[in-house]
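Engineer: this is the structure alone, sequence omitted:
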């Protein structure tokens, strides 16, 4: 009987610790969202128009097609991507490819845009102006929305996961012959 009591107490303690950890993590990971002002929405609308133009560019279409044909980077996972530093050759390859250089050029030319990325049809990163938080972001609303064939916009202002700048994330599908083959994502800076 004593053994059973000890086991119940230990499992109760472990359960309580796990619940406490989940609550602490949930509270710490809650990100404050701000509303989009009419002035910011005008800026976002302008950026969405640009994003649609970029998504139909030859460089974006070619980059998405190439990644789709290869199936992304063999063996790459979000955990492996997270371990790579900004100077890793794989990360630099995403930025120094023709599509990566074009992403940086678009970012530099578009006032108030602080990140531009291209993803393939499975949500794998193809090219970027900066190191992204995730290699595969298929489950993120910004990616999933555009992969359905729609221009997508976040409903509020939050820190961008990659740059930590307060932004409104937007995405547009990359299409080839009407078929969605990838997407282009950008973050519109809310503080400029």
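Structural biologist: Happy to help now that I have it. Because the structure is a prediction, the values reported are computed rather than measured. Residues are numbered from 1 along each chain as shown.

Engineer: all contacts plus neighbour counts: C-alpha atoms, from now on.
Structural biologist: Noted.

Engineer: give me the low-pLDDT residue ranges for the chain?
Structural biologist: Low-confidence segments of the chain (pLDDT under 70): 1-31, 192.

Engineer: look up the closest residue to the residue nearest the centre of it, ignoring the ones flanking it.
Structural biologist: Closest residue to the average C-alpha location of the chain: residue 137 at 5.6 Å, with C-alpha atoms, centre = their mean. Once flanking residues are discounted, residue 137 sits nearest to residue 123: 5.3 Å by C-alpha to C-alpha, 6 or more residues apart in numbering.

Engineer: which residues touch the one you found?
Structural biologist: 136-139, 143-144, 182 (C-alpha atoms under 8 Å, 6 or more residues apart in numbering).

Engineer: can you check residue 183 too?
Structural biologist: Counted by C-alpha under 8 Å, 6+ apart, residue 183 has contacts 55, 64, 118-121, 143, 146-147, 171-174.

Engineer: of those residues, just say which sits nearest to residue 35.
Structural biologist: residue 171 (18.7 Å; C-alpha to C-alpha).

Engineer: tell me how far the closest one lies from residue 106.
Structural biologist: As judged by C-alpha to C-alpha, to the nearest Å, residue 171 and residue 106 stand 14 Å apart.

Engineer: try residue 32
Structural biologist: On the measure of C-alpha to C-alpha, residue 32 and residue 106 end up 28 Å apart.

Engineer: comparing the two, which residue is more hemmed in?
Structural biologist: Shown here are residue 32 and residue 106; by other C-alpha atoms under 10 Å, residue 106 has more neighbours (20 against 9).

Engineer: for the more buried one, which residues are in contact?
Structural biologist: Residue 106 is in contact with residue 116, counting by C-alpha under 8 Å, 6+ apart.

Engineer: and it, that one's in a helix?
Structural biologist: Yes: judged by DSSP: H, G, I helix; E, B strand; the rest coil, residue 106 forms part of a helix.

Engineer: name the nearest residue to residue 173, ignoring sequence neighbours.
Structural biologist: Distances taken as C-alpha to C-alpha, 6+ apart place residue 183 nearest to residue 173, at 4.2 Å, with adjacent residues excluded.

Engineer: next, that neighbour: secondary structure please.
Structural biologist: Residue 183 ends up strand, using three-state DSSP.

Engineer: what's the answer for residue 127, then?
Structural biologist: Under three-state DSSP, the three-state class of residue 127 is strand.

Engineer: just checking, residue 55 touches residue 176?
Structural biologist: No: counting by C-alpha atoms under 8 Å, residue 55 stays clear of residue 176, with 10.2 Å between them.

Engineer: got any residues that touch both of these two?
Structural biologist: The overlap between the contact sets of residue 55 and residue 176 (C-alpha under 8 Å, 6+ apart) consists of residue 61.

Engineer: compare these two (neighbour count), which wins?
Structural biologist: Ranked by neighbour count (other C-alpha under 10 Å), residue 55 and residue 176 place residue 55 first, with 22 against 14.
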